[in-house]
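**Student:** Pasted the sequence and its predicted model underneath.
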Amino acid sequence: MRQSHLFTKTRKEAPADEVSKNAQLLIRAGFVHKEMAGVYSYLPLGVRVLSKIEGIIRREMNAIGAQENRFATLHPSEPWKQTGAWDGVDVLFKIMSRTEKEYALGQSEEEIATPIAKEYALSYKDLPLAIYQIGQKYRDELRAKSGIMRGREFGMKDLYSFHATQEDFDRYYRVVQEAYFRAFSECGLIAKATEASGGSFSEKLSYEFMVLTDAGEDDIVYCDTCSHCANVEVSSEAEGDLCTKCGQSTLKKARASEVGNVFDLGQKYPKAFDFTFTDAHGEAQYPIVGCFGFGTTRTMGVIVEKHADAAGIVWPESVAPFAVHLVDLSGSDSDKKEFVEALYSDLLRAGTDVLYDDRDLRAGEKFADSDLIGIPFRIVIGKQSTPDSIEVVRRKDGTVTKVSRDAILKGAWHF
RNA sequence: CGGGACGGAGUAUGCCGGUAGUACGCCUGCUUUGGGAGCAGGUAGAUAGGGUUCGAUUCCCUACGUCCCGACCA
């Protein structure tokens, strides 16, 4: 894409009313636009990143046999009343139409997913069933904060699984956990599975996937030697205690952000919707339900918190808005200008996802924008460039290398 | 929801009870062109309501908005 056609512009100053790093950088660089507290529009660069994150979790979900849906976000009030959440869940947005009919905005989708599963999962042969979607969620938070990390409208992948037995749920939980670890890792994050409370809707323990960051809002204790990790809200362990799991190290305390979670919902929702399947003996049974959340927009926020420096964002390659940034510094040299244009065309033909800064600006401004936007690699064409020697810079550490035009077209801009 | 701070051109910000100033941006022109250029000209602003005052953008009150701390976080 030609940067001259990108309608967003960068800003030199961070907005005065945003303190969090993710909001400051994402707004300055033109990835998002704030509509109001806790609600952001995603602009072309932001959509590209979000789509990459969604693609990563989508691939993982499909690989473990989950099937993608697009559930409604405008909900009838009946299922919410049926489960008691209409009056019992205070973050639920409720809407009244002009004919005084009541609706809810989806803050989670058990009330939609369970009746759908009920319609099709009639026999134990239809189980397990895993259905998910990636979409917007709405929660009437008392206080939105930390930029895109805690909003009233946000993006989430939510998976609902239905099992004939508790053992099968336990098996599937481990399958999803591995998929989540892979997904967060591919997003450039190290997630820890943390024991937490199940909240007000589940008696059982839940698990949260936490990424260490000061921008988070949970405190956890964790062990460096083994994988033991717990939310302090449910843990009797404290910083400095010997790890109860491995006994090898003392526990550390840290601030973390919850980027994913797992709830063992038991049979609560099947019972609320009278959802039974017929088992091998012809008996009606309630399935066991699991809910697995993966915050896509929050993940994007945490990535910015973790991958940025004084000059701007440093996107991991897996989620970067473009693979490479082609920066034209040919100035008034028309031969060099032709050289860049030809290189851009050839890169596109080679299938490279390239942002081409073809704007008539000075070098400093282009470099500053490039640093801020944070594309992992930068190809710079200036006076010194020749077909045998083209400068390529790696954003994360500033490493410079010189490669030939032919090598670049074969992918040598990636090093 | 409790507490605190803030609210002015597109963005950021200084001073101030009495012509709303500066920088960047944006528009015109010329010069410039490897780390946010220079000159000249131009464009554009006080959240709302009430109070104090001869006079309020400034002080006071209320509402609304935004951020921060806490609580909350199906």
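**Tutor:** All right, it came through fine. Just so it is clear, the structure is predicted and the values come from calculations on it, not from any experiment.

**Student:** how far out from the middle of the chain is the host helix or strand of residue A:221?
**Tutor:** Assigning secondary structure by DSSP states H and E places residue A:221 in strand A:218-222. Relative to its chain's centre, strand A:218-222 lies at 21 Å (Cα atoms, centre = their mean, to the nearest Å).

**Student:** Is there any residue in it that contacts RNA strand B?
**Tutor:** Yes. Using Cβ under 7 Å from any atom of the strand, strand A:218-222 reaches RNA strand B at residue A:218. (Each C-beta comes from the backbone N, C-alpha and C, glycine too.)

**Student:** Over to stretch A:337-352?
**Tutor:** No. In terms of Cβ under 7 Å from any atom of the strand, no part of stretch A:337-352 sits within range of RNA strand B; the closest distance is 10.6 Å.

**Student:** Next up, the contacts around residue A:172.
**Tutor:** Counting by Cβ atoms under 8 Å, 6 or more residues apart in numbering, residue A:172 touches A:128, A:130, A:161, A:163, A:290.

**Student:** Now for the first one, how many residues are close by?
**Tutor:** Right, the one you point to is residue A:128. Neighbour count for residue A:128, taken as other Cβ atoms under 10 Å: 20.

**Student:** ok, it - contacts?
**Tutor:** So residue A:128 contacts A:161-164, A:168, A:172 (Cβ under 8 Å, 6+ apart).

**Student:** ok, it to residue A:46 distance?
**Tutor:** Using Cβ to Cβ, to the nearest Å, residue A:128 is found at 35 Å from residue A:46.

**Student:** Ok, the fourth one next?
**Tutor:** Note on residue A:163: its distance to residue A:46, by Cβ to Cβ, is 37 Å.

**Student:** Which elements pack onto the lengthiest strand in chain A?
**Tutor:** In chain A, ranked by residue count with DSSP state E as the criterion, the top strand is strand A:252-266. Helices and strands touching strand A:252-266, by 3 or more Cβ pairs under 8 Å, 6 or more residues apart in numbering; DSSP states H and E, are helix A:166-186, strand A:191-196, strand A:206-212, strand A:218-222, strand A:288-295, helix A:296-306.

**Student:** Apply 6 Å and report the result again.
**Tutor:** Here strand A:252-266 touches strand A:206-212, strand A:218-222, strand A:288-295, helix A:296-306, going by 3 or more Cβ pairs under 6 Å, 6 or more residues apart in numbering; DSSP states H and E.

**Student:** I'd like the ones you listed written out as a markdown table, with distance to residue A:80, mean neighbour count and mean pLDDT added.
**Tutor:** Converted to a markdown table, the helices and strands packed on strand A:252-266 look like this (distance: least, Cβ to Cβ, whole Å; neighbours: other Cβ atoms under 10 Å; pLDDT from 0 to 100):
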| stretch | distance to residue A:80 | mean neighbour count | mean pLDDT |
| --- | --- | --- | --- |
| strand A:206-212 | 21 | 24 | 92 |
| strand A:218-222 | 27 | 20 | 92 |
| strand A:288-295 | 16 | 24 | 97 |
| helix A:296-306 | 24 | 27 | 98 |
